[in-house]
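[1] The sequence and its predicted three-dimensional model are supplied below.
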Amino acid sequence: MAKRRIYLHIGLPGAGGAFLPAALAHHASALSAAGVHVPTRVGDEVLRAAVELRRDHKQHGYRRREVEGTWAAMCHRARKACAKGESVVLAEEHLAGADTDQIALLLDALSGWEVHVVAVVADPASQLVGAWADTIRAGATRSLRRWTRRVLDPAREAPEAVAFWDEHDLEGVLHRWSAALRRPDRMHVVVAPRADDASGASVSRRDCAASVWADLGRVVSFDAAALPLTEVDTDRGAGLDATGLAVLRGVNRAVDGRVAPGAQRRVVSDHLARREEEASGPELPTLPAELHGELRDLAERWAKAVADAGWLLYGDAADLVPALPTRAVDPDEVGPGARLASVTDSVADLLVEVARLREENDALARRTAKLERKRTKLKSRLAAATAAGPAGSPGPADSADGG
């Protein structure tokens with residue numbers, strides 16, 4: 001009898017699959033009708049499950065009780081929704097960095113399932129820039145050039161290097177998951193198109209997302225063409241431009257540790273970053289040209305590792321090789337005029353948000369005061385009723401006289 005199948009999109013972070021949770025949620029009903037189920041109830045549920053498994057809830061601004069039991073609950077829901085021979089699909093980029101013990105724990109909850117792993121990958125230059133930008137969103141202040149030098153140090157001992165390679169080393173990530181599955185034919189590698197194709201023409205974010213979505217459909221066996229992305233935010237995770245990153249990095253320096261890292265990730269940086277991302281233009285940061293040879297060699301090793309391991313490849317392996325940048329875009333060199341214009345717009349938006357939150361807080365304070373008055377009145381009435389005793393029975397004083 002055919003087993004239930006589950007397809008886990010594990011990342012890689014920032015490689016072009018960040019929109020997949022939103023796309024799956026948007027088309028959940030149509031997918032379910034086709035025998036492909038998406039057992040999530042709220043937007044961040046899969047992230048909370050991944051955070052629970054990786055035990056890093058504080059880094060993401062969650063309390064332990066907010067993540068406990070999330071993975072077990074989703075697995076239970078998946079078993080109820082999915083009949084034999086049907087499939088479940090879950091997407092969360094944070095799973096890429098899971099270690100062998102965490103992967104074993106995840107798979108233990110899926111006993112009896114046919115498990116497939118899907119990894120969306122991109123060229124290493126794009127992943128380096130995207131990972132650095134994510135550290136800035138989380139409150140870091142280190143420059144792109146300095147951060148990249150630490151990550152690419154062959155020793156890989158710096159904290160930045162450990163964090164990056166745990167999640168972005170295609171070969172290492174897939175070998176960890178493949179060793180746990182023991183089935184290379186259930187490892188699916190989707191190569192996201194490069195921002196420029198072989199002819200040098202620009203490839204839009206939406207076209208890149210459409211390509212990844214189509215490949216996921218081929219992996220999971222659903223008709224991606226019948227489930228368009230027109231109403232899905234395919235720019236999610238696309239990143240800030242050089243100006244936005246320069247502004248956010250300056251904000252992080254000014255905050256200077258006065259906000260807990262988890263809170264900064266979820267509130268301060270995310271709010272400003274979203275506003276900056278909406279205003280971002282085409283000037284995404286680039287790495288120094290002298291790194292191109294090293295990154296090209298790394299991409300070629302990745303492509304060879306995929307072929308040698310027998311993992312199933314979707315897309316063009318040539319897109320793993322980064323393009324040589326035609327011009328340098330260094331976020332450390334953004335001029336004061338561009339920063340000022342961006343900061344002015346951001347401050348205006350923040351003022352509007354502060355005003356909205358104050359109005360909301362005042363309304364909650366008024367409601368709380370009203371409820372407190374009602375509670376006090378009810379408490380007084382309860383005390384009076386208790387003192388009077390049940391109807392027809394003597395009160396405490398009458399009982400004493402009768403004694």
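    Received the coordinates, thanks.
[2] From what I see, V173 and D99 are in contact.
    No - checked against C-beta atoms under 8 Å, the pair V173 and D99 is beyond contact range at 10.6 Å. C-beta coordinates here come from the backbone N, C-alpha and C atoms, glycine included.
[3] intersection of neighbour lists for those two?
    D166 (C-beta atoms under 8 Å, 6 or more residues apart in numbering).
[4] Looking at the two, which is more packed in?
    Between V173 and D99, V173 has the larger neighbour count (other C-beta atoms under 10 Å), namely 23 against 12.
[5] Surely the more buried one is within a strand?
    No - secondary structure of V173 (DSSP: H, G, I helix; E, B strand; the rest coil): helix, not part of a strand.
[6] show me the contacts for it.
    I10, G11, L12, A96, G97, A119, D166, E167.
[7] now the residues you listed in TSV, with neighbour count?
    Below are those laid out as TSV (neighbours: other C-beta atoms under 10 Å):
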residue	neighbour count
I10	27
G11	26
L12	25
A96	27
G97	24
A119	25
D166	16
E167	23
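[8] tell me which of these is nearest to S178?
    The closest of those to S178 turns out to be A119 (C-beta to C-beta; 10.2 Å).
[9] What is the end-to-end distance of stretch 29-40?
    12 Å (C-alpha to C-alpha, to the nearest Å).
[10] what does that stretch rub up against?
    21, 24-25, 28, 46, 74, 77-78, 81-83, 85-90, 220-223, 226-227.
[11] Show me the residues you listed that map onto strands.
    S87, V88, V89, L90 (DSSP state E).
[12] Just the buried residues from the residues you listed, in ChimeraX please.
    Those of the ones in strands among the contacts of stretch 29-40 that count as buried under 16 or more other C-beta atoms under 10 Å are selected in ChimeraX with:
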select :87,88,89,90
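[13] out of the ones in strands among the contacts of stretch 29-40, which one sits closest to E290?
    Using C-beta to C-beta, these come closest to E290 at L90, 40.1 Å.
[14] Contacts for stretch 81-94, please.
    So stretch 81-94 is in contact with 1-15, 17-18, 20-21, 24, 31-32, 35-40, 46-47, 49-51, 54, 74, 78, 216, 220-221, going by C-beta under 8 Å, 6+ apart.
[15] Quick one: buried ones out of those?
    For those, a neighbour count by 16+ other C-beta under 10 Å gives the buried set as 4-15, 17-18, 20-21, 24, 31, 36-40, 46-47, 49-51, 54, 74, 78, 216, 220.
[16] What segments of the stretch 51-200 of the chain are helices?
    64-67, 70-81, 100-108, 124-137, 144-152, 159-168, 170-181 (DSSP state H, counting those that start in this stretch).
[17] any idea how far the second one is from the chain center?
    Read it as helix 70-81. Its chain's C-alpha centre and that of helix 70-81 lie 20 Å apart, by C-alpha atoms, centre = their mean, to the nearest Å.
[18] got it, and the third one?
    Centre-to-centre, helix 100-108 and its host chain are 20 Å apart (C-alpha atoms, centre = their mean).
[19] just the fifth one next, same as before
    The chain centroid and the centroid of helix 144-152 are separated by 23 Å, computed with C-alpha atoms, centre = their mean.
[20] okay, the helices of the stretch 51-200 of the chain in JSON lines with distance to L382 next?
    Converted to JSON lines, these look like this (distance: least, C-beta to C-beta, whole Å):
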{"stretch": "helix 64-67", "distance to L382": "32"}
{"stretch": "helix 70-81", "distance to L382": "38"}
{"stretch": "helix 100-108", "distance to L382": "49"}
{"stretch": "helix 124-137", "distance to L382": "51"}
{"stretch": "helix 144-152", "distance to L382": "62"}
{"stretch": "helix 159-168", "distance to L382": "56"}
{"stretch": "helix 170-181", "distance to L382": "59"}
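[21] so how far is Q264 from V129?
    Distance, V129 to Q264, using C-beta to C-beta, to the nearest Å: 21 Å.
[22] swap in A348?
    21 Å.
[23] more crowded one of the two?
    Counting neighbours by other C-beta under 10 Å for A348 and for Q264 shows that Q264 has the greater number, 21 against 11.
[24] My read is that the more buried one contacts A138, right?
    Yes - counting by C-beta under 8 Å, Q264 touches A138, with 6.9 Å between them.
[25] avg pLDDT for stretch 126-137?
    Stretch 126-137 carries an average pLDDT of 90.
[26] Show me where the stretch 1-150 of the chain dips below the pLDDT cut-off.
    1 (pLDDT under 70).
[27] Just say helix, strand or coil for the closest residue to A338 other than its chain neighbours.
    Sequence neighbours aside, T243 is the residue nearest to A338 in space, at 4.8 Å (criterion: C-beta to C-beta, 6 or more residues apart in numbering). Here T243 is recorded as helix under three-state DSSP.
[28] Might one say that T243 is in contact with V334?
    Yes - at 5.2 Å, T243 and V334 qualify as touching, with contact defined as C-beta under 8 Å.
[29] Please identify the most buried of the helices of the stretch 51-200 of the chain.
    helix 124-137 (a mean of 23; mean count of other C-beta atoms under 10 Å).
[30] how far does the longest helix along the chain sit from the chain's center?
    Counting by DSSP state H, the longest helix found in the chain is helix 336-388. Here helix 336-388 is found 30 Å from its chain centre; the criterion is C-alpha atoms, centre = their mean.
[31] Which neighbouring elements make contact with that helix?
    helix 242-255, helix 269-278 (3 or more C-beta pairs under 8 Å, 6 or more residues apart in numbering; DSSP states H and E).
[32] Let's see the longest one as PDB, backbone CA atoms only.
    Output of helix 242-255 as PDB, limited to C-alpha atoms (Å, rounded to 0.1, in the frame of the first residue of the first chain):
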ATOM      1  CA  ALA A 242      22.500  49.200  -0.800                       C
ATOM      2  CA  THR A 243      20.900  52.400   0.500                       C
ATOM      3  CA  GLY A 244      18.400  50.600   2.700                       C
ATOM      4  CA  LEU A 245      21.100  48.400   4.200                       C
ATOM      5  CA  ALA A 246      23.300  51.400   4.900                       C
ATOM      6  CA  VAL A 247      20.500  53.100   6.700                       C
ATOM      7  CA  LEU A 248      19.600  50.000   8.700                       C
ATOM      8  CA  ARG A 249      23.200  49.400   9.600                       C
ATOM      9  CA  GLY A 250      23.400  53.000  10.900                       C
ATOM     10  CA  VAL A 251      20.200  52.400  13.000                       C
ATOM     11  CA  ASN A 252      21.800  49.300  14.500                       C
ATOM     12  CA  ARG A 253      24.800  51.300  15.600                       C
ATOM     13  CA  ALA A 254      22.600  53.900  17.200                       C
ATOM     14  CA  VAL A 255      20.500  51.300  19.000                       C
END
